[in-house]
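Asks: output the structure for:
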Amino acid sequence: MKLFITTFFFITLVGSATLVAQTTEQYAVKPIPQNFILLERALANVDRSKKDRNSVLRLERAEFYYHNAIKYHHAGWTAKATDYVHRGTLLVELHQRTVAQPGFYRPELVTAQKASLVE
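Replies: Numbers count the residues shown, from 1 in each chain. So this is what the prediction gives:
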């Protein structure tokens, strides 16, 4: 009987240790891509003097996209993370636009927009 209890205890202990070892997650630190760093710098250097409702909401949304992009990146969802970084970058660019700039806030796309209107 003693042998049976000892054997049962040993098997239970080994089995639970194996189960715990199989369920332990291992996190690898992934390097942050350059576009994430650029968005972080843009948010740090953004002009926060605009106090109208739309400007404040744009910055809040851009920060939301940045923080969630970091979470998605660490979770391995690179497509979603890249999309969120792109959205945050566009919002920061839109926020930084002034009245003197043309109505289209992506200068490299202004020529493409004008060309499509001519054709």
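Asks: which ones are touching Lys80?
Replies: Residues near Lys80 by Cβ atoms under 8 Å, 6 or more residues apart in numbering: Ala69, Tyr72. C-beta here means a position set from N, CA and C on the backbone, and glycine is covered the same way.
Asks: and for the one 5 residues further on?
Replies: By Cβ under 8 Å, 6+ apart, Val85 lies in contact with Pro33, Asn35, Phe36, Leu39, Tyr65, Tyr66, Ala69.
Asks: now for the residues you listed, which pair is the farthest apart?
Replies: Maximum pairwise distance among the contacts of Val85 (Cβ to Cβ): 14.5 Å, between Pro33 and Tyr65.
Asks: those two: which has the busier surroundings?
Replies: Each of Pro33 and Tyr65 has its neighbours counted (other Cβ atoms under 10 Å); Tyr65 has more, 23 against 14.
Asks: burial measure for the nearest residue to the more buried one once chain neighbours are set aside, as a count.
Replies: Among residues not flanking Tyr65 along the chain, Gly88 sits closest, at 3.5 Å (Cβ to Cβ, 6 or more residues apart in numbering). Residues within reach of Gly88, counting by other Cβ under 10 Å, total 27.
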